[in-house]
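S.K.: All I have is the shape, not the residue letters:
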């Protein structure tokens, strides 16, 4: 379809905004996972959070809006999936019982092709995700964001209304760098609730001598939460197997449910569940 | 000054492009440090690379274009510096002998204030960095980029001409996630040389039992370089003190020049120096 005039284009954009509001109102709860800093484990936490909700029998969706680094499909072992569409919209990929996934990765013609897009195109793509995908009646949607305070997180914070809140991920080391603080301030500035801060990569136990080593520090996430007056959800240790399993499409809570990290993570999930569902599904 | 017409604005933008070309031609060599993935140590490597060049008596500049997470001033202990201007333009902050620094951090009114900018504004800010800063006659400028393949790295790759090349940073774990591969493909697609890949966070020695532990894997960076047919520059181990020193504004090559990481890093610097300066200052 050729768009003839500026006015027609405006009308189409407004229709899209209305569709987004409708689509989002069909979803029970919406949670965004963010961090000002890259490499803190946002995608790992998003994937395990979504899998945990699915295990708890919530109809769950996960949307990967890290357009430059869409790691979610790989972490769920479904990177070769192909999107289908129906008269109701794009159908997300079913990763397992109760868990549906949408990522730009599914739309790329070749693996490893970079998305060399400037901001407005990225905003457009995310809005299309929000308006064109037929999620059905989800209980909860987890949105995995790229680092920073730019186009992608801003579009998510402004377009998904109401958003139940933001799970903020940090590492002990990242606290010093101000980036996470900035991201918290952005969310607060937009009057969106922060469900809490998770301190990832917090302490490491040597697999040989079993001594505890604070490779990247420990406890700074809790201090930050107190300073910024937002809830603290808990900490997760560094574990050698997590990265490797993640690379092979195996979320740690499925692969090693009795590990220290899985047990600590499930406690965090319960806290988020209490805040979001408040006892009601 | 009020801009009256679209034509005047176009003229101003063209003047800016001309100024950028002039400013950049005054700088001997330009190197961009990039990675598709966040949290792999780009800023740590950029800072130590710039400090190493300064120690080798090159007039060195470092420009931090990670607008959402400007960590460079903090890592050099100059986060409270204030920018001055002269009739020739903005004067960068002198961090130490032979080393000048520019970062958006210096322009923020309050610490922890987020830059909630969409793409076009970010591109504008970077172009202003390139056109308005009076670097003087630098031998080399190191540009620290944010993760991804979006506005900031794209603006740097397209506006700094000629760019000597890109130093690509990865971790063993990040290789699996495709993001670094995508960034390499973007740079190759724009016909800009890749000086080489550095594998950061490669192996860890337990400080208690001295056993080697591959927390995040090892060797994947070299494999990636071979697969993508780009040079491999070397690997850097995880060391517990590096993050803490970095938080306190102390680059590891200054703080602990006899450590394993510093010795390995200086070998990488020599390789980059050979490629860029080719024996001539």
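M.R.: Nice, thanks for sending it over. Here the structure is a predicted model, which is why all the values come from computation and not from measurement.
S.K.: who in the stretch 1-150 of chain A is up against chain B?
M.R.: The stretch 1-150 of chain A comes close to chain B at residues A:36-40, A:67-69, A:71, A:74, A:111-120, A:122-123, A:146-150, as judged by Cβ under 8 Å from any Cβ of the partner chain. (Glycine included, C-beta is placed from N, CA and C.)
S.K.: at 10 Å instead, please
M.R.: Applying Cβ under 10 Å from any Cβ of the partner chain, we find that the stretch 1-150 of chain A lies next to chain B at A:35-43, A:66-71, A:73-75, A:79, A:105, A:108, A:110-123, A:146-150.
S.K.: Now the buried members of those.
M.R.: Among the residues of the stretch 1-150 of chain A next to chain B, those classed as buried by 16 or more other Cβ atoms under 10 Å in any protein chain shown are A:35-43, A:66-71, A:73-75, A:79, A:105, A:108, A:113-119, A:122-123, A:146-150.
S.K.: Inside helices: which ones of those residues?
M.R.: Judged by DSSP state H, these include A:42-43, A:73-75, A:119, A:122-123 as members of helices.
S.K.: And the strands in the stretch 151-281 of chain A?
M.R.: Per DSSP state E, counting those that start in this stretch, the stretch 151-281 of chain A carries strands over the ranges A:165-170, A:194-199, A:204-205, A:212-213, A:232-235.
S.K.: among these, which is nearest residue A:183?
M.R.: Closest of these to residue A:183 is strand A:165-170, at 6.6 Å (criterion: Cβ to Cβ).
S.K.: Report the buried residues of that closest one.
M.R.: Going by neighbour count (16+ other Cβ under 10 Å), the buried part of strand A:165-170 is A:165-170.
S.K.: Give me the neighbour count for residue A:56.
M.R.: Burial of residue A:56, expressed as a neighbour count using other Cβ atoms under 10 Å in any protein chain shown, amounts to 17.
S.K.: Excluding covalently adjacent residues, which one is nearest to whatever residue of the stretch 101-250 of chain A ends up closest to chain B?
M.R.: At 1.7 Å from chain B, residue A:119 is the closest residue in the stretch 101-250 of chain A, using Cβ to the nearest Cβ. Leaving aside its sequence neighbours, residue A:119 sits nearest to residue B:119 (Cβ to Cβ, 6 or more residues apart in numbering or on different chains; 1.7 Å).
S.K.: Distance check, that neighbour against residue A:80.
M.R.: For residue B:119, the distance to residue A:80 equals 30 Å [Cβ to Cβ, to the nearest Å].
S.K.: One more: residue A:43?
M.R.: Residue A:43 is 18 Å from residue A:80, by Cβ to Cβ.
S.K.: can you tell me how far the closest residue to residue A:217 other than its chain neighbours sits from residue A:112?
M.R.: Using Cβ to Cβ, 6+ apart and skipping the chain neighbours, the partner closest in space to residue A:217 is residue A:172 (3.2 Å). Distance of residue A:172 to residue A:112, given as Cβ to Cβ: 33 Å.
S.K.: What of residue A:20?
M.R.: 31 Å.
S.K.: ok, back up a step: surely the residue nearest to residue A:217 and residue A:237 touch.
M.R.: No: applying Cβ atoms under 10 Å as the test, residue A:172 and residue A:237 come out as separate, 11.1 Å apart.
S.K.: what's the overlap in contacts for these two?
M.R.: Counting by Cβ atoms under 10 Å, 6 or more residues apart in numbering or on different chains, the shared contacts of residue A:172 and residue A:237 are A:199-203, A:218.
S.K.: Switch the ones in helices among the buried ones among the residues of the stretch 1-150 of chain A next to chain B over to JSON lines; also include distance to residue B:59.
M.R.: Formatted as JSON lines, these follow (distance: Cβ to Cβ, whole Å):
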{"residue": "A:42", "distance to residue B:59": "39"}
{"residue": "A:43", "distance to residue B:59": "41"}
{"residue": "A:73", "distance to residue B:59": "46"}
{"residue": "A:74", "distance to residue B:59": "43"}
{"residue": "A:75", "distance to residue B:59": "45"}
{"residue": "A:119", "distance to residue B:59": "34"}
{"residue": "A:122", "distance to residue B:59": "37"}
{"residue": "A:123", "distance to residue B:59": "40"}
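S.K.: State the pair within those that is farthest apart.
M.R.: Taking Cβ to Cβ as the measure, those span a maximum distance of 26.0 Å, between A:75 and A:119.
S.K.: contacting residues around residue A:269?
M.R.: Going by Cβ under 10 Å, 6+ apart, residue A:269 touches A:48-49, A:51-53, A:55-56, A:233-234, A:253.
S.K.: returning to that earlier point: Provide a list of residues in contact with the residue of the stretch 101-250 of chain A closest to chain B.
M.R.: A:150-152, A:154-155, B:117-123, B:150-151 are the contacts of residue A:119 under Cβ under 10 Å, 6+ apart.
S.K.: Ok, residue A:181 next?
M.R.: By Cβ under 10 Å, 6+ apart, the contact list for residue A:181 reads A:36, A:168, A:170, A:174-175, A:224, A:227-228, B:111-114.
S.K.: can you check residue A:18 too?
M.R.: residue A:131.
S.K.: rewinding a little: which one of the shared contacts of residue A:172 and residue A:237 has the most neighbours?
M.R.: When neighbours are counted by other Cβ under 10 Å, residue A:199 leads the shared contacts of residue A:172 and residue A:237 with 29 neighbours.
S.K.: Distance check, that residue against residue A:59.
M.R.: Taking Cβ to Cβ as the measure, residue A:199 falls 30 Å from residue A:59.
S.K.: How about residue A:46?
M.R.: Residue A:46 sits 17 Å away from residue A:59, going by Cβ to Cβ.
S.K.: What pLDDT is listed against the residue nearest to residue A:119?
M.R.: According to the predicted model, the pLDDT of residue B:119 comes to 84.
S.K.: for residue A:281, same thing?
M.R.: The per-residue pLDDT reported for residue A:281 equals 62.
S.K.: Now do the phi/psi pair for residue A:89.
M.R.: The phi/psi pair for residue A:89 (degrees, to the nearest 10) reads phi 140, psi -170.
S.K.: actually residue A:32, not the one I typed
M.R.: Dihedral pair for residue A:32: phi -110, psi 130, per degrees, to the nearest 10.
S.K.: Dig out what it forms beta bridges with.
M.R.: Per DSSP bridges, the residues bridged to residue A:32 are residue A:143, residue A:166.
S.K.: Name all residues that make contact with residue A:63.
M.R.: Per Cβ under 10 Å, 6+ apart, neighbours of residue A:63: A:30, A:32, A:46, A:50, A:72, A:92, A:100-104, A:126, A:129-130, A:133, A:135, A:141-145, A:156, A:160.
S.K.: which one is residue A:205 nearest to, not counting chain neighbours?
M.R.: Among residues not flanking residue A:205 along the chain, residue A:212 sits closest, at 5.4 Å (Cβ to Cβ, 6+ apart).
S.K.: what's the burial count for residue A:32?
M.R.: Other residues lying near residue A:32 total 25 when counted by other Cβ under 10 Å.
S.K.: From what I see, it and residue A:186 are in contact.
M.R.: No: at 11.5 Å, residue A:32 and residue A:186 do not qualify as touching, with contact defined as Cβ under 10 Å.
S.K.: Which neighbours do these two have in common?
M.R.: Residues touching both residue A:32 and residue A:186 (Cβ under 10 Å, 6+ apart): A:153, A:157, A:166, A:192.
S.K.: got these as TSV, with distance to residue A:277 columns?
M.R.: Below are these laid out as TSV (distance: Cβ to Cβ, whole Å):
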residue	distance to residue A:277
A:153	24
A:157	21
A:166	17
A:192	18
